[in-house]
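**Student:** build me a structure from this.
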Amino acid sequence: MCGIAGIADFSQHPVDRDVLNRMQSAIAHRGPDGAGIYTDTNVGLVHTRLSILDLSESAHQPMLDKQADTCISYNGEIYNFQDIRKTLKDAGVEIQSTGDTEVLLKACSHFGVEETLQMLNGMFAFAFWDAKKRELWLARDRTGIKPLYYTLHENRLLFASEIKALLPFTGTAQPDLPVLYEILNGGTSWEPYTFFAGIYALNPGHYLRIKVDNPDLDQKEYFSLFGLIDEARFNEYKNASMDDVAAQFRELMTESVRIHSISDAPLATLASGGIDSSLISSLAANYCPGLSLYHADIIGEQSEKQYAQAMADYLNCPLVTAAMTPDQYTAQLVNTTWSHEAPSAYHPNDVPFQLVAKRAHEDGIKVLLTGEGADELFIGYGLASKQIIRNKLKYMVSEDTPLLGKGVSILKKLSPAEFSRSITEPLATRGVAEQWMRRAEDAYSFVTGRVEREALVDASGYMKAHLNSLLQRNDRMGMMHALESRIPFLENNIVRFAANLPLKFKHPATLLKMLGGNPLTRNKTVVRKSAQGLVPDAIIKRKKMGFPVTPERYLRLDQEFYKDGFLEQTLGIRHDGMQQLLDGLDQETRWNLFSTELFGKLFFTGDSKDALAGTICSLAQPDQAQG
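**Tutor:** The predicted structure follows:
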């Protein structure tokens with residue numbers, strides 16, 4: 001993992017090298033092992049290097065292909081680079097280095113970017129410059145594991161791995177109000193929009209081709225999740241047994257972890273104590289002698305350390321714990337918000353993730369395998385599980401069944417927020433959510449059962465909004481300490497497998513079974529089945545906890561924090577009105593406002609990080625030392 005940035009100046013002026021240097025400095029934390037700048041008149045590419053594959057100078061970037069007159073600045077890992085390397089050599093293309101960067105560069109030069117993108121199995125964001133054609137290509141991986149942002153300002157296109165590298169060159173930063181309203185309403189940002197007006201994320205599975213002399217920008221989707229969905233494959237799985245499907249998934253997961261474990265730098269796993277990271281740790285132990293498991297233990301919350309320790313003992317591997325105390329939460333909140341470039345409303349667990357990344361970095365680890373993606377692919381979230389129950393009950397209203405009364409009593413147990421929220425409520429900015437969900441409905445239109453069809457459609461929504469926000473958290477919190485997060489569940493073949501899997505392998509319980517017990521222990525069923533013999537039964541059977549952090553345990557969400565601040569100015573609310581608003585809000589919404597206010601003070605109203613850190617510490621709960 002590295003950092004990339006660059007400029008294309010459409011006015012044909014030579015790029016300002018001082019601007020490139022400043023962009024490089026803004027993302028220096030992403031790549032402490034090296035840095036480079038390439039310029040070609042009105043185009044400039046920047047790179048900061050975190051050495052993971054081929055640690056030699058031959059993998060220095062930006063990397064040039066002198067024969068083709070091309071150059072690349074690349075962030076990520078191509079897991080099938082050895083196969084592509086062989087294809088290139090068979091075509092007579094010489095490869096000098098041992099890593100994946102030269103393979104990607106030469107493939108783009110020889111096959112073209114569009115054809116190369118179809119070959120890649122990995123996580124990546126890259127800028128590829130073709131000097132002969134005067135074309136700059138920006139591309140991002142299929143599921144958006146690697147970040148890439150861009151903006152147009154004063155006849156220049158600027159791009160970078162992080163938004164803070166763009167902000168000094170885009171005029172006065174302004175919040176994107178529809179995105180801001182979305183987060184305040186309990187949602188999250190839907191890419192390509194960000195919290196910064198005029199700054200966009202390149203969508204996952206897309207490329208942007210820029211003809212710098214015209215100028216002309218052409219953005220296209222080269223991969224769609226919905227393009228993977230195949231009725232014949234779905235029906236084939238539907239007729240298969242759980243044992244057969246679990247065996248196939250285990251084989252796919254084993255191969256994914258194998259290729260994700262390829263590294264010339266020290267690698268470990270992040271062990272939450274849940275089923276997903278435990279399965280990855282168990283499989284990785286076969287490929288990584290001396291593997292260590294890293295765990296974030298959140299003091300004062302429901303600790304999962306006993307499960308992480310059980311997994312480590314099961315594998316006879318050491319467990320390294322980074323404990324998050326309440327005072328650490330308050331001390332680190334400003335830094336993590338600055339690094340995340342977004343409010344921590346949706347992910348209040350930024351701080352413990354950052355702390356475990358810091359501990360791993362101090363131990364010399366450069367790569368962590370993590371379990372993100374499984375919940376989105378296999379319906380692992382509580383809200384998604386409860387949505388299935390609600391759908392089943394909804395279709396029973398007109399039926400004469402003795403279960404209806406019992407079903408109504410279960411609905412009463414769901415909190416008002418859970419009962420009213422679905423993946424498209426509130427609808428996200430500018431129709432992105434609606435368009436995504438319509439595509440999902442079209443892709444799964446062949447599924448005959450209404451409950452199954454709606455569950456699969458809803459689950460696909462998590463692959464867009466929720467997963468993107470998780471991946472952004474992993475990237476930023478890891479890169480605060482030059483640590484790469486790899487996501488084995490998002491390997492190409494596993495995503496294809498999950499997209500075509502019937503509901504019975506993800507959430508197979510019938511309504512009778514669900515009403516008779518806790519449905520959350522029956523989700524991700526194929527994952528749990530495949531983990532048998534690899535993971536202790538206690539972990540396989542336990543409920544998901546989801547990295548629990550309760551900010552109000554640590555902070556007084558005082559209304560004085562808002563006085564003459566970001567939200568009062570942006571929303572036009574008087575201070576007494578803000579106090580009345582806060583008095584009527586539940587804990588989750590109060591945290592949404594607080595974290596958004598902190599984010600706004602950092603990026604839009606000019607408050608200093610040091611001053612804000614002092615303010616946050618002054619708001620610590622009096623009993624925080626006792627957790």
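**Student:** quick one: the helices in the stretch 251-400 of the chain?
**Tutor:** 275-284, 305-315, 326-340, 350-362, 374-378, 382-394 (DSSP state H, counting those that start in this stretch).
**Student:** outline the domain layout of the chain.
**Tutor:** Listed by automatic domain parsing, the domain ranges of the chain are 3-223, 231-331+342-377+475-541, 382-458, 551-626.
**Student:** can I get those domains in CSV with mean pLDDT and distance to Ala465?
**Tutor:** In short, each C-beta sits where N, CA and C put it, glycine included. Formatted as CSV, those follow (pLDDT from 0 to 100; distance: least, Cβ to Cβ, whole Å):
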stretch, mean pLDDT, distance to Ala465
domain 3-223, 94, 5
domain 231-331+342-377+475-541, 91, 9
domain 382-458, 58, 7
domain 551-626, 82, 15
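**Student:** would you reformat those as TSV and include distance to Leu467 and mean neighbour count?
**Tutor:** Shown next, in TSV, are the domains of the chain (distance: least, Cβ to Cβ, whole Å; neighbours: other Cβ atoms under 10 Å):
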stretch	distance to Leu467	mean neighbour count
domain 3-223	7	20
domain 231-331+342-377+475-541	5	20
domain 382-458	12	16
domain 551-626	20	16
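**Student:** now the ones you listed as JSON lines including distance to Ser469?
**Tutor:** Formatted as JSON lines, those follow (distance: least, Cβ to Cβ, whole Å):
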{"stretch": "domain 3-223", "distance to Ser469": "5"}
{"stretch": "domain 231-331+342-377+475-541", "distance to Ser469": "5"}
{"stretch": "domain 382-458", "distance to Ser469": "12"}
{"stretch": "domain 551-626", "distance to Ser469": "13"}
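**Student:** hang on, the earlier thing: could the helices of the stretch 251-400 of the chain go into a markdown table alongside distance to Ala443?
**Tutor:** What follows is the helices of the stretch 251-400 of the chain, written out as a markdown table (distance: least, Cβ to Cβ, whole Å):
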| stretch | distance to Ala443 |
| --- | --- |
| helix 275-284 | 25 |
| helix 305-315 | 36 |
| helix 326-340 | 32 |
| helix 350-362 | 32 |
| helix 374-378 | 15 |
| helix 382-394 | 18 |
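**Student:** mind checking which of those is nearest Asp176?
**Tutor:** Asp176 lies closest to helix 326-340 among the helices of the stretch 251-400 of the chain, at 15.8 Å (Cβ to Cβ).
**Student:** list the contacts for His361?
**Tutor:** His481, Ala482, Leu483 (Cβ atoms under 8 Å, 6 or more residues apart in numbering).
**Student:** what about Ala173, distance to Val432?
**Tutor:** 22 Å (Cβ to Cβ, to the nearest Å).
**Student:** Phe196 versus the residue nearest to His295 when sequence neighbours are not counted, what's the distance?
**Tutor:** Spatial nearest neighbour of His295, chain neighbours left out: Ala308 (4.1 Å); criterion: Cβ to Cβ, 6 or more residues apart in numbering. To Phe196, Ala308 is 37 Å away according to Cβ to Cβ.
**Student:** kindly report the same for Leu534.
**Tutor:** Taken as Cβ to Cβ, the span from Leu534 to Phe196 is 43 Å.
**Student:** just Ser56 next, same as before
**Tutor:** 38 Å.
**Student:** which other helices and strands contact whichever helix or strand Cys108 is part of?
**Tutor:** Element membership for Cys108 (DSSP states H and E) is helix 101-111. In terms of contacts (3 or more Cβ pairs under 8 Å, 6 or more residues apart in numbering; DSSP states H and E), helix 101-111 is packed against strand 63-65, strand 70-78, helix 81-90, helix 113-119, strand 122-130.
**Student:** pull up the pairing partners for the last one, direction included.
**Tutor:** Translated: strand 122-130. Neighbouring strands of strand 122-130 in its sheet, by DSSP bridges, are strand 70-78 (antiparallel), strand 135-140 (antiparallel).
**Student:** of the helices of the stretch 251-400 of the chain, which approaches Ser608 most closely?
**Tutor:** Closest among these, using Cβ to Cβ: helix 326-340, at 9.7 Å.
**Student:** how far away from the center of its chain is the helix or strand hosting Arg496?
**Tutor:** Arg496 is located in helix 492-499, with elements delineated by DSSP H and E. Relative to the chain's own centre, helix 492-499 is displaced by 17 Å; criterion: Cα atoms, centre = their mean, to the nearest Å.
**Student:** tell me the angle it makes with strand 122-130.
**Tutor:** 120 degrees (axes from the mean of the first three to the mean of the last three Cα atoms, to 10 degrees).
**Student:** residues in contact with helix 492-499?
**Tutor:** 121, 142-143, 225, 228-229, 248-249, 252-253, 255-256, 377-378, 488, 506.
**Student:** restrict stretch 474-483 to CA atoms and write it as CSV.
**Tutor:** In CSV, the C-alpha atoms belonging to stretch 474-483 read as follows (Å, rounded to 0.1, in the frame of the first residue of the first chain):
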residue,chain,number,x,y,z
ASN,A,474,-9.6,0.6,7.4
ASP,A,475,-7.5,2.5,4.9
ARG,A,476,-7.2,5.7,6.9
MET,A,477,-6.7,4.2,10.4
GLY,A,478,-4.1,1.7,9.0
MET,A,479,-2.3,4.3,7.0
MET,A,480,-2.0,6.6,10.0
HIS,A,481,0.8,4.1,10.9
ALA,A,482,1.9,2.9,7.4
LEU,A,483,-0.1,-0.3,7.8
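**Student:** next one: that stretch to chain centre, how far?
**Tutor:** 12 Å.
**Student:** likewise stretch 93-112?
**Tutor:** Distance, centroid of stretch 93-112 to centroid of chain: 27 Å (Cα atoms, centre = their mean).
**Student:** what distance do you get for the residue nearest to His295 to Lys541?
**Tutor:** Distance, Ala308 to Lys541, using Cβ to Cβ: 16 Å.
**Student:** ok, now Ile262?
**Tutor:** With Cβ to Cβ as the criterion, Ile262 and Lys541 are 32 Å apart.
**Student:** swap in Gly364?
**Tutor:** Taken as Cβ to Cβ, the span from Gly364 to Lys541 is 35 Å.
**Student:** could you do Phe594 as well?
**Tutor:** 36 Å.
**Student:** dump the residue contacts of Arg140.
**Tutor:** Phe124, Ala125, Lys146, Pro147, Leu148, Leu202, Asn203, Pro204, Gly205, His206, Tyr207 are the contacts of Arg140 under Cβ under 8 Å, 6+ apart.
**Student:** what does the strand or helix carrying Ala433 contact?
**Tutor:** Per DSSP H and E: Ala433 is located in helix 432-443. Helix 432-443 has contacts (Cβ under 8 Å, 6+ apart) with 190-193, 224, 226, 229, 423-424, 427, 453, 456-457, 460-461, 464-465.
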